[in-house]
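**Q** Quick one: sequence and predicted model below, then my questions.
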Amino acid sequence: MDNVITLTTENFDAQVLRSRTPVLVDYWAPWCGPCRILGPVVEEIAAERFGSLKVGKVNVDDDPELAELAGVQGIPTIVLYRDGQPTARAVGAQPKRSLEQQLGLDLIPPAAAA
């Protein structure tokens, strides 16, 4: 989890909206079973793409206004931001490869290849 940023209303603007690096944001809650299933997948993506992709998590119970701003209607929801704008989203737990394809992460090289 060292490569995953805990996002809050205090740091969201600086870490996500003003980031020059694409940012993957996981909107989740600790009580959510599918979120717990997807959590290790998100952490794996963060480790593999460290340096070419930022990864953060928003606890929707702690910061519901961030979830509302992102239009989150169900969790887990993963949103990819580029230049501060949401460009792709995925809802629900799914295999890593499927998640990467749905979000267009296959277009962002892993850090080892960068």
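**A** Done, it's in.
**Q** can we go C-alpha only for contacts and neighbour counts from here?
**A** Will do.
**Q** Now the one residue sitting closest to the centre of the chain: which helix or strand?
**A** Nearest to the geometric centre of the chain sits residue 25, at 2.2 Å (Cα atoms, centre = their mean). Using DSSP states H and E, residue 25 sits within strand 23-28.
**Q** Repeat that for residue 43.
**A** Per DSSP H and E: helix 33-48 holds residue 43.
**Q** and that helix, what does it pack onto?
**A** Packing contacts for helix 33-48, counted by 3 or more Cα pairs under 8 Å, 6 or more residues apart in numbering; DSSP states H and E, involve strand 54-59.
**Q** What are the boundaries of the helices in the chain?
**A** 12, 33-48, 64-69, 96-103 (DSSP state H).
**Q** Can I get these in CSV including distance to residue 2 and mean neighbour count?
**A** As requested, these are exported to CSV (distance: least, Cα to Cα, whole Å; neighbours: other Cα atoms under 10 Å):
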stretch, distance to residue 2, mean neighbour count
helix 12, 18, 17
helix 33-48, 8, 18
helix 64-69, 22, 14
helix 96-103, 19, 15
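**Q** want to throw those helices into CSV with distance to residue 87?
**A** Below are those laid out as CSV (distance: least, Cα to Cα, whole Å):
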stretch, distance to residue 87
helix 12, 17
helix 33-48, 17
helix 64-69, 14
helix 96-103, 8
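**Q** Among these, which comes closest to residue 82?
**A** helix 96-103 (11.5 Å; Cα to Cα).
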